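> what follows is a predicted structure for the sequence shown.
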Amino acid sequence: MRLFIHADAQSLGSKAGNEAGDQIYAAIKANGRARIVIATGASQFATLETLVARQDIDWSKVECFHLDEYIGVPDTHPASFRRYLKERFVARVKSLGAFHGVGGDAADPVAECKRLGAMIRTRPVDVLLLGIGENGHLAFNDPPADMVTKEPYLVVNLDEGCRRQQLGEGWFPNIDAVPRQAISMSMNFMLEANVLISSVPDARKAEAVRGSVEAALSPMMPGTYLRTHNNCSLHVDRAAASKLQSHTIEGALRGSACAASSTSR
């Protein structure tokens, strides 16, 4: 994993978004098409803003999935991740090849996981964008993350910290309105993507960034598993990097990679 520390959220998003654009462009050039997975949430605003501005990408050759969705939330709900992506990405790129939304309001969430899994397994994911939650989660894999399942999508329970993050970001009017379950892409499947690009701005993510970069590999801090991937970029701003040790910051400035003490998964 490569760690990049930027001055602010906007410069972070510019670098992460352009890195994603370069990787998508390269995948299309090499294979004639690209399969991507896109994250949502406040952490992705600047990254997606940069990505949709790329005029050199033939979006008709891009197939897009996304990471997660609340169970029981329709795509008309202000907090729906499908709505987020349709407004901030799908509607803003020219002739996207395909967008496969996670149907959180499907009558049978387990069947929805199987439907999505059957589609996304047909070929590798070229580029996957994600963030890190305040509790260290990746997608909605709250601690302890399931590091056993090989299924691409699964039904997960949201812990209190995760639910309070969603409330704090303004997606819901009160804690009781925040769903307790979601459909999420699994840890193992995310880690199979060819390229991972993680955007993590804001001081409220500083402890999660510290844990993800410096703590021992553990399902209790899902973000640590980013260090097991051989082509992962973690982009943070100074606020999110504020709890990192000085030698970690110096290593990032030198361009040193961050490796996990164990790569078992």
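Yep, that arrived. As the structure is a prediction and not an experimental result, all values here were calculated from the model.
> bridging residues for the spatially most central residue of the chain?
In the chain, the centroid-proximal residue (C-alpha atoms, centre = their mean) is residue 130; its distance is 1.5 Å. Partner residues in beta bridges with residue 130, using DSSP bridges, are residue 198.
> ok, now which ones touch it?
Listed by C-beta atoms under 8 Å, 6 or more residues apart in numbering, the contact set of residue 130 reads 37, 39, 67, 138, 139, 190, 196, 197, 198. For glycine as for every other residue, the C-beta is placed from the backbone atoms N, C-alpha and C.
> low-confidence stretches in the stretch 151-265 of the chain?
261-265 (pLDDT under 70).
> hmm, try it at 90
Along the stretch 151-265 of the chain, the parts satisfying pLDDT under 90 run over 160-172, 249, 251-265.
> all strands of it, in order?
For the stretch 151-265 of the chain, strands defined by DSSP state E, counting those that start in this stretch occupy the ranges 153-157, 181-185, 195-200, 232-237.
> reformat the ones you listed as TSV; add mean neighbour count and distance to residue 224.
Output for these, formatted as TSV (neighbours: other C-beta atoms under 10 Å; distance: least, C-beta to C-beta, whole Å):
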stretch	mean neighbour count	distance to residue 224
strand 153-157	19	18
strand 181-185	25	17
strand 195-200	26	12
strand 232-237	25	11
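> same list, the ones you listed, but as a markdown table with distance to residue 103 please.
Converted to a markdown table, the strands of the stretch 151-265 of the chain look like this (distance: least, C-beta to C-beta, whole Å):
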| stretch | distance to residue 103 |
| --- | --- |
| strand 153-157 | 11 |
| strand 181-185 | 8 |
| strand 195-200 | 25 |
| strand 232-237 | 29 |
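> for residue 114, find the nearest of those.
strand 153-157 (8.0 Å; C-beta to C-beta).
> just list what the closest one packs against, helices and strands only.
Counting contacts by 3 or more C-beta pairs under 8 Å, 6 or more residues apart in numbering; DSSP states H and E, strand 153-157 packs against helix 109-120, strand 181-185.
> cutoff 10 Å now
strand 68-70, helix 109-120, strand 181-185, helix 187-190 (3 or more C-beta pairs under 10 Å, 6 or more residues apart in numbering; DSSP states H and E).
> please work out the average pLDDT along the first one.
Over the span of strand 68-70, the pLDDT mean works out to 95.
> same question, stretch 110-126
Stretch 110-126 comes out at a mean pLDDT of 97.
> what's the following helix or strand after the top helix by length along the chain?
Secondary structure of the chain per DSSP state H: the longest helix is helix 9-31. On the C-terminal side of helix 9-31, the closest following helix or strand by DSSP states H and E is strand 34-38.
> immediately after that following strand, which helix or strand?
helix 45-52.
> now what about that next one, what contacts it?
8-21, 24, 36, 38-40, 44, 57, 59, 84-85, 88-94, 127, 129, 131, 197-199, 201, 235, 237 (C-beta atoms under 10 Å, 6 or more residues apart in numbering).
> buried stuff in the longest helix of the chain?
Neighbour-count burial for helix 9-31 flags 9, 11-17, 19-21, 23-24, 27-28 (criterion: 16 or more other C-beta atoms under 10 Å).
> now the angle from it to strand 195-200?
170 degrees (axes from the mean of the first three to the mean of the last three C-alpha atoms, to 10 degrees).
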